[in-house]
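1. coords please:
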Amino acid sequence: MSKLDKILIAGVIIFLIILGKFAFAPRAYQGSIPDPVQIDLISPDVVYVSGEDSDIKIDLLAEYTIEAVIKSKKKYSDYSSQVAKYDVALAWGDLNQNDIDEHIKYSQRGRWYYYTWDSDSSVNESYIAEHSANVHLINQDSSVLKEIKKLDVKDHIKLTGYLVSVNFENGP
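-> Numbers count the residues shown, from 1 in each chain. Below you'll find the predicted structure:
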């Protein structure tokens with residue numbers, strides 16, 4: 001695994017530490033959901049979590065809140081799972097309206113998410129890309145991990161935490 005691969009999922013993916021603030025709404029939400037809110041930290045901070053071989057440095061970059069519907073959920077047992085056992089593909093904006101949602105399919109593989117849409121979709125690829133994301137869920141403690149395990153596809157959720165950068169300095 002290269003140095004670049006040792007950074008929890010290369011560059012463009014946003015990392016999130018969940019602080020344990022979950023707000024669940026009824027399943028099968030239909031409607032428009034506002035965009036995520038990101039507030040850059042004036043003074044970024046660093047935290048460490050215990051990994052298999054050493055402590056893992058996590059740079060807190062911004063406060064982050066997202067309300068979305070889970071479109072896919074995947075558990076991993078790879079090296080990165082030391083800090084993020086689960087990823088969820090999330091969608092917001094108009095992507096949860098029945099007449100739009102029925103034309104889009106989501107999947108996950110290798111810490112990435114994928115989507116396909118059919119020609120009858122009223123939204124284009126750009127809209128889907130701007131209103132969905134694969135989020136690596138980094139739990140603060142075991143009680144938050146228990147809540148993450150309960151999450152399921154079609155759950156309408158609100159996550160509050162931090163966007164972070166994770167660096168596995170002593171990785172394989």
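
2. Can you point out the buried residues in the helix or strand hosting residue 148?
-> Assigned by DSSP states H and E, residue 148 belongs to helix 142-150. By 16 or more other Cβ atoms under 10 Å, the buried positions in helix 142-150 come out as 144, 145, 147, 148. (Glycine included, C-beta is placed from N, CA and C.)

3. which two from these end up farthest apart in space?
-> 145 and 147 (7.3 Å; Cβ to Cβ).

4. hey, what's the residue nearest the centre of the chain bridged with?
-> Geometric centre of the chain, nearest residue: residue 135, 1.2 Å, by Cα atoms, centre = their mean. Per DSSP bridges, the residues bridged to residue 135 are residue 88.

5. Verify the stated contact: it with residue 91.
-> No. Taking contacts as Cβ atoms under 8 Å, residue 135 lies outside contact range of residue 91: 11.1 Å.

6. State the distance from residue 50 to residue 144.
-> Separation of residue 50 from residue 144 (Cβ to Cβ, to the nearest Å) stands at 15 Å.

7. go on, residue 83?
-> 12 Å.

8. average pLDDT for stretch 56-75?
-> Stretch 56-75 shows a mean pLDDT of 95.

9. How about stretch 130-143?
-> 92.

10. Could you do stretch 112-121 as well?
-> Averaged over stretch 112-121, pLDDT sits at 95.

11. just how off-centre is stretch 91-100 within its chain?
-> Chain-centre distance of stretch 91-100: 18 Å, with Cα atoms, centre = their mean, to the nearest Å.

12. can you tell me the helix or strand for residue 72?
-> Residue 72 belongs to strand 55-75 when assigned by DSSP H and E.

13. List the strands paired with that strand, with their directions.
-> Going by DSSP bridges, the partners of strand 55-75 are strand 37-50 (antiparallel), strand 86-91 (antiparallel), strand 156-167 (antiparallel).

14. in it, what counts as buried?
-> Of all the residues in strand 55-75, those buried under the rule 16+ other Cβ under 10 Å are 56-61, 64, 66-74.

15. which two in those residues are spaced the farthest apart?
-> 57 and 69 (32.1 Å).

16. OK, contacts around residue 151?
-> 70, 73, 86, 88, 157 (Cβ atoms under 8 Å, 6 or more residues apart in numbering).

17. I should have written residue 126 there, sorry.
-> Contacts of residue 126 by Cβ under 8 Å, 6+ apart: none found.
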